[in-house]
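Engineer: heads up, no residue letters with this:
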């Protein structure tokens, strides 16, 4: 819990600086690249988080991997995190940065699980529906899970919208069971 609060403080601080310098879009793209790279490369993440590896070595690794891909501001922030000994929560800082950025721009993240790949027309329709319902700009991410048979399950924060066929069948079964109990 304490690391979460620290991650929020670091993310909020750099978000405020990015907005002030009018570089938020650029920094957000760069941080997304860093987060994706760290999530895909376990060895890189382990090296960055390692308490055995010195800060200067970690900075050199960051420079080697991201040197030509990051702006001076983003690169300086990553080095600052390492200098402060907070590199073990770097993925969490990057995640909180994205969340806080979305909040500041009025964007809500919707994680959608479907039984099959939606067409672009279906995706656009679903996005419009969520934007209309939530009264915010929605950014949808999709994942396929054939176990839900049909329909979709959408998560917005802690709220789940379950329009899956498996859920609907479960509700129907429950109705039938309750109906049979009251008929006897």
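Structural biologist: Okay, I see it. Fair warning: this is a prediction, and the values are worked out from it, not measured in the lab.

Engineer: CA atoms for contacts and neighbours, from now on please.
Structural biologist: Will do.

Engineer: domain ranges for the protein?
Structural biologist: 2-103, 107-183 (automatic domain parsing).

Engineer: weakest of the ones you listed by average pLDDT?
Structural biologist: Lowest mean pLDDT of the domains of the chain: domain 107-183, a mean of 86.

Engineer: hmm, back to that, out of the domains of the chain, which one sits most buried?
Structural biologist: Comparing these by mean neighbour count (mean count of other C-alpha atoms under 10 Å), domain 2-103 ranks first with a mean of 16.

Engineer: ranges for the strands of this structure?
Structural biologist: Secondary structure of the chain (DSSP state E): strands located at 107-114, 137-144, 151-156, 159-164.

Engineer: any chance of those strands in TSV, with distance to residue 15 too?
Structural biologist: Formatted as TSV, these follow (distance: least, C-alpha to C-alpha, whole Å):
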stretch	distance to residue 15
strand 107-114	15
strand 137-144	19
strand 151-156	22
strand 159-164	26
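
Engineer: Find the nearest non-adjacent residue to the residue most central in space within the chain, please.
Structural biologist: Nearest to the mean C-alpha position of the chain, by C-alpha atoms, centre = their mean, lies residue 95 at 6.1 Å. Using C-alpha to C-alpha, 6 or more residues apart in numbering and skipping the chain neighbours, the partner closest in space to residue 95 is residue 35 (7.7 Å).

Engineer: The one you found reaches residue 92, doesn't it?
Structural biologist: No: judged on C-alpha atoms under 8 Å, residue 35 makes no contact with residue 92 at a distance of 9.1 Å.

Engineer: ok, now how distant is residue 81 from residue 19?
Structural biologist: Distance, residue 81 to residue 19, using C-alpha to C-alpha, to the nearest Å: 19 Å.
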